[in-house]
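Enquirer: the amino acid sequence is not available; the structure is as follows:
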């Protein structure tokens, strides 16, 4: 009986450790640079965390980082992030970040220029359900193409 209990303990412990490792590996790290006073940036971070990302953020602003990583200013927004070598600028939905990481195109990253109402982080109760149309852009150096479009039905 003792041998069976020990074996059961070893198997259960091993499965728990394996499960914890798989869960930890499934949470992709994304680093975000933002203003310390920007509430919509914090709301976007919450959106990412709620969609399985591990977020590390820096309240130092994002202009210097944006320039350093090669995101053209015209695609700028209120926060800049880096995930697996890609730049994510502005209120990009988590599903588009996941899609980018799955297909791995040769690109700088994704951008939602400006701060469109209804995008993740710009969708709080103060906007009363308003949804402005916007595009997520795939940034290809100085050019771009539409990666995803969000339009109210």
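Expert: Yes, it's here. None of the values given here were measured: they were computed from a predicted structure.

Enquirer: what residue, apart from its backbone neighbours, is nearest residue 141 spatially?
Expert: In space, and not counting its chain neighbours, residue 141 is closest to residue 108: 6.5 Å by C-beta to C-beta, 6 or more residues apart in numbering. For the C-beta atoms, the positions are set from N, CA and C on the backbone; glycine is no exception.

Enquirer: let me see the contact set for the one you found.
Expert: Residue 108 is in contact with 69, 70, 71, 86, 87, 139, 140, 141, counting by C-beta atoms under 8 Å, 6 or more residues apart in numbering.

Enquirer: looking at those, which is nearest residue 115?
Expert: Of all the contacts of residue 108, the one sitting nearest residue 115 is residue 71; the distance, using C-beta to C-beta, is 15.7 Å.

Enquirer: check the spacing between the closest residue to the closest one other than its chain neighbours and residue 79 real quick.
Expert: Spatial nearest neighbour of residue 71, excluding adjacent residues (C-beta to C-beta, 6+ apart): residue 87 at 4.8 Å. Look at residue 87 and residue 79: by C-beta to C-beta, to the nearest Å, they are 11 Å apart.

Enquirer: so between these two, which is more surrounded?
Expert: In this comparison of residue 87 against residue 79, neighbours counted by other C-beta atoms under 10 Å, the higher total goes to residue 79 at 27 against 21.

Enquirer: for the more buried one, which residues are in contact?
Expert: Neighbour list for residue 79: 32, 33, 34, 35, 38, 41, 44, 62, 89, 90 [criterion: C-beta under 8 Å, 6+ apart].

Enquirer: now for the residue lying closest to the fourth one once chain neighbours are set aside, how many residues are close by?
Expert: Nearest non-adjacent residue to residue 35, counting by C-beta to C-beta, 6+ apart: residue 61, 5.6 Å away. Residue 61 sits with 16 neighbouring residues when counted by other C-beta under 10 Å.

Enquirer: this protein: helices as residue ranges?
Expert: Secondary structure of the chain (DSSP state H): helices at 2-26, 39-50, 63-69, 94-103.

Enquirer: any idea which of the ones you listed scores lowest on pLDDT?
Expert: Among the helices of the chain, helix 2-26 carries the lowest mean pLDDT, a mean of 51.
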